[in-house]
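[1] Sequence and predicted structure, then a few things I'm wondering about:
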Amino acid sequence: MSLFLALALAGAPEPVFDCAIGARRLTVTQQGKALVYRYGTGRKVELRLVADAASGRLFYHRTLYARGEDQTLRFVNGDYSYIVYAHWTAPSMGMTEEGGSPEIAYGGLIILKDGTQISSRRCNDEGGDMREWPIFKTLPVDEENRVPTF
């Protein structure tokens with residue numbers, strides 16, 4: 001591997017959220033004190049938003065359950081809100097194979113215009129995992145849990 005390639009890979013930000021939605025990719029990365037929302041293909045970025053806690057355009061929500069959690073990041077761009085969501089439920093252990101339930105993980109994107117949902121897209125078979133990041137504690141709290149149930 002060349003030194004240039006090694007330096008480029010070392011500087012690539014680790015994704016806060018990453019999943020495929022159809023033929024496109026939704027990625028949220030941290031850049032300093034901001035989060036960067038990117039939606040598009042490998043060749044074309046259809047939408048890129050950068051926001052931080054002070055901008056008033058980025059909100060975080062987390063709901064904890066006994067064996068799971070919901071998380072959302074809401075990016076505001078004018079009349080539109082782009083809500084990146086992740087849901088996770090731990091597997092339950094039953095007394096028999098039939099008594100347990102599997103781990104459930106899914107994520108996706110909800111788009112609102114003037115507060116009305118105009119689109120909901122679920123990640124392909126990947127879960128769209130979003131673990132707790134330190135930057136989330138700096139963000140204003142989104143009062144509503146908008147993670148859909150499936």
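    Arrived safely. Numbers count the residues shown, from 1 in each chain.
[2] When you work out contacts or count neighbours from here on, use the C-alpha atoms and nothing else.
    Fine.
[3] quick one, helices of the chain?
    In the chain, the helices defined using DSSP state H lie at 3-11.
[4] residues touching Asn77, list them.
    The neighbourhood of Asn77, defined by Cα atoms under 8 Å, 6 or more residues apart in numbering, consists of Leu49, Arg57.
[5] separation between the residue nearest to Glu126 when sequence neighbours are not counted and Arg48?
    In space, and not counting its chain neighbours, Glu126 is closest to Cys19: 6.6 Å by Cα to Cα, 6 or more residues apart in numbering. Distance, Cys19 to Arg48, using Cα to Cα, to the nearest Å: 15 Å.
[6] Looking at the two, which one has more neighbours?
    Taking neighbours as other Cα atoms under 10 Å, Cys19 and Arg48 compare with Cys19 leading, 23 against 12.
[7] contacting residues for Val141?
    Going by Cα under 8 Å, 6+ apart, Val141 touches Phe59, Tyr60, His61.
[8] Out of the residues you listed, grab the one that's most surrounded.
    Highest neighbour count within the contacts of Val141: Tyr60, with 24 neighbours (other Cα under 10 Å).
[9] Please name the bridge partners of it.
    Leu73, Val141 (DSSP bridges).
[10] what about Leu109, how many residues close to it?
    By other Cα under 10 Å, neighbour count at Leu109 equals 23.
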